[in-house]
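Novice: Structure, please.
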Amino acid sequence: MATNNDHLLGEISSDVKHILLRQDKQDERLVRMNDRLSAVEGFQWKLAGIASVVPTVIATIALAMKYNLPQ
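Specialist: Residues are numbered from 1 along each chain as shown. This next block holds a predicted model:
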């Protein structure tokens, strides 16, 4: 004879299973988002490096040309 408590325990068990399934899906989603964010941040650091090196190289070449050209 199933009591009301057995029915409630079955519902709670089912709810917990659904919550755990949703949590797994959320974890996978967060891992994918973290991977994408890491890729974007890596690209931004590369751009920052290029943006700092290029003007330095151009300025160095310009100074070398200014002081090393025969007059």
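Novice: On the three-state scheme, the residue minimising distance to the centre of the chain is what?
Specialist: Geometric centre of the chain, nearest residue: L37, 2.0 Å, by CA atoms, centre = their mean. Secondary structure state of L37, per DSSP: H, G, I helix; E, B strand; the rest coil, is helix.
Novice: Sketch out the low-pLDDT regions of this structure for me.
Specialist: Filtered on pLDDT under 70, the chain yields the residue ranges 1-2, 70-71.
Novice: go again using 90 as the cut-off
Specialist: In the predicted model of the chain, residues 1-11, 13-14, 65-71 satisfy pLDDT under 90.
Novice: Do a quick rundown of the helices in it.
Specialist: Here the chain has its helices, by DSSP state H, at 4-68.
Novice: just to revisit the earlier point, where's the residue nearest to the centre of the chain relative to K46, distance?
Specialist: Distance, L37 to K46, using CB to CB, to the nearest Å: 15 Å. Glycine gets a C-beta too; all of them are placed from N, C-alpha and C.
Novice: got it, and V31?
Specialist: In terms of CB to CB, V31 sits 23 Å off from K46.
Novice: Likewise for L30?
Specialist: Relative to K46, and taking CB to CB, L30 is found at 25 Å.
Novice: How about V40?
Specialist: Per CB to CB, V40 is found 11 Å from K46.
Novice: what's the answer for I12, then?
Specialist: 51 Å.
Novice: S13 too?
Specialist: For S13, the distance to K46 - CB to CB - is 50 Å.
Novice: I19: how many residues sit nearby?
Specialist: 10 (other CB atoms under 10 Å).
Novice: when you give positions from now on, start the count at 333
Specialist: With 333 as the first residue, the last one maps to I351.
Novice: if I look at it, how far off is S345?
Specialist: 11 Å.
Novice: Kindly report the same for M397.
Specialist: 79 Å.
Novice: just R354 next, same as before
Specialist: From R354 to S345 the distance is 15 Å (CB to CB).
Novice: Over to L379?
Specialist: Taken as CB to CB, the span from L379 to S345 is 52 Å.
Novice: Then Q355?
Specialist: Taking CB to CB, one finds Q355 at 16 Å from S345.
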